[in-house]
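Engineer: this is a predicted model, with the sequence first.
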Amino acid sequence: MTLETTLAAIRPADEPAMAAARELHGRLTKPAGSLGALEELSIRLAGLAGVCPPPLPAPATVAVFAGDHGVHAQGVSPWPQEVTAQMVANFVAGGAVVNAFARQAGVDVMVIDAGVAIPLHGGPNLLDANIRRGTRDMTVEPALTREEALAAVELGIAVAGQLVAAGAKCLLTGDMGIANTTPAAALTAVFTGAEPAAVTGRGTGIDDAMLAHKTEVIAAALARHTPAAADPIGVLAAVGGLEHAALAGFILGAAAHRVPVIVDGVIAASAALAAAAFAPDAVAAMVAGHRSAEPGATVALAHLGLEPLLDLGMRLGEGSGAVLALPIVASAVRVLHEVATFDSAGVSEK
Ligand SMILES: O=C(O)c1ccc[n+]([C@@H]2O[C@H](COP(=O)([O-])O)[C@@H](O)[C@H]2O)c1
Ligand SMILES: Cc1cc2nc[nH]c2cc1C
């Protein structure tokens, strides 16, 4: 599917299915509202699927999109750029945190080279879809051409489509890219209107001086390009990253197929803002897995109107927080499938 056909396929949540889920919740053997946020989540997922109860979110795949960043040259990350490629090899070998969490949760891991600077060795779960060996330095020129940004968005759409065609009932976002919290902050500033200082964080761990410098780098890039939120391809091209653009497409693809997509941390949240800028109704497919410690994540989720399921102080990326949230999503849906009603179980009502 192209971006255009994907956007045309995205529809609002189905109100009758949501009403049916709300009504069913009122008849299940529990005090009304006692499952808190899980009730609203299950109602939203019924609206997405257009049926009550909605499908259980299994099988599920976390797609880890990897890319490198020209802005790394500005000294915005304490880590060398080659760690991106090295961690991709670690994902493929099954040795990263996301792999351990995925085995625990029964989630498949797929790794996509969207824009890693160093050529990678293949593996059964590695898709070589490299669009460019890292973005350009956004402080000097646009990070991507519009064509490259569109190609990355359509890569994400294709990956979502492929996974859904293979039977996935839930998609999870993952990312890997040294320096990618810098474009994430820039995207979040553009799409929410927040000041760079409000959305720039310490990423993998930087001191106060480096944080101040990183904030200035982002402000300078925004001043140079003045990207317009109404032109999401232009924004992704000016100050985005290949994994950010691909994640935006991945989220749009999930929404077009009416499959839930669990959004991981600050990189995914910035991509979710881009997806919502393309298609506001795509928010119906999004589940915020967790609240990343990175400040931009909270700003982005608030803008999207999403309440994260977990708040564990995590800031790893890789899809780790999304994978942790999957069993909660599954439990929320399972309630609508399996819990007895007051009537069927012979339990007295108040
Ligand atoms: O998911 C998050 O919220 C998150 C927060 C901070 C860092 N990360 C990960 O750390 C890397 C980017 O950090 P940095 O400091 O190099 O910009 C990248 O690989 C991300 O997956 C991820
Ligand atoms: C080691 C390491 C692992 C990561 N996973 C996601 N981002 C990362 C960044 C670093 C530096």
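Structural biologist: That came through fine. Ligands and ions are numbered 1, 2, ... in the order given.
Engineer: next one: Ile157 relative to Val164, how far apart?
Structural biologist: As judged by CB to CB, to the nearest Å, Ile157 and Val164 stand 11 Å apart. From N, CA and C alone the C-beta is placed, and that goes for glycine too.
Engineer: ok, Pro183 next?
Structural biologist: 27 Å.
Engineer: these two: which has the busier surroundings?
Structural biologist: Pro183 (33 against 19; other CB atoms under 10 Å).
Engineer: who touches the more buried one in this structure?
Structural biologist: 69, 71, 135, 138, 143, 239-241, 244, 270 (CB atoms under 8 Å, 6 or more residues apart in numbering).
Engineer: how does it look with 6 Å?
Structural biologist: The contact partners of Pro183, taken as CB atoms under 6 Å, 6 or more residues apart in numbering, are 239-241, 244.
Engineer: enumerate the residues of the stretch 1-150 of the chain near ligand 1.
Structural biologist: Within reach of ligand 1 by CB under 6 Å from any ligand atom, the stretch 1-150 of the chain has these residues: 77, 79.
Engineer: can you show me the strands along the stretch 1-150 of the chain?
Structural biologist: Assigned by DSSP state E, counting those that start in this stretch, the strands in the stretch 1-150 of the chain fall at 60-67, 108-115, 126-128.
Engineer: which of those strands sits most buried?
Structural biologist: strand 60-67 (a mean of 30; mean count of other CB atoms under 10 Å).
Engineer: what's the angle from it to strand 108-115?
Structural biologist: 20 degrees (axes from the mean of the first three to the mean of the last three CA atoms, to 10 degrees).
Engineer: how about strand 60-67 and ligand 2, any contact?
Structural biologist: No. Strand 60-67 lies apart from ligand 2 when judged by CB under 6 Å from any ligand atom; the minimum separation is 8.9 Å.
Engineer: mean confidence score for that strand?
Structural biologist: Predicted confidence along strand 60-67 averages 99 (mean pLDDT).
Engineer: mind giving me the packing neighbours of that strand?
Structural biologist: helix 82-93, strand 108-115, strand 170-176, helix 242-256 (3 or more CB pairs under 6 Å, 6 or more residues apart in numbering; DSSP states H and E).
Engineer: so for the residue in the stretch 251-350 of the chain that ligand 2 sits nearest to, what's the pLDDT?
Structural biologist: Here the residue of the stretch 251-350 of the chain nearest ligand 2 is Gly317; by CB to the nearest ligand atom that distance is 4.0 Å. The per-residue pLDDT reported for Gly317 equals 98.
Engineer: quick one: secondary structure of it?
Structural biologist: coil (DSSP: H, G, I helix; E, B strand; the rest coil).
Engineer: can you pull the contacts of it?
Structural biologist: Under the contact definition (CB under 6 Å, 6+ apart), the residues listed for Gly317 are 175, 265.
Engineer: and if you look at Gly321?
Structural biologist: Contacts of Gly321 by CB under 6 Å, 6+ apart are 264-265, 289-290, 314.
Engineer: looks to me like Met210 is in a helix.
Structural biologist: Yes. According to three-state DSSP, Met210 belongs to a helix.
Engineer: and it, how many neighbours?
Structural biologist: For Met210, using other CB under 10 Å, the count is 16.
Engineer: now Pro59
Structural biologist: The burial count for Pro59: 14, using other CB under 10 Å.
Engineer: ok, it to Glu82 distance?
Structural biologist: Counting by CB to CB - Pro59 and Glu82 are separated by 33 Å.
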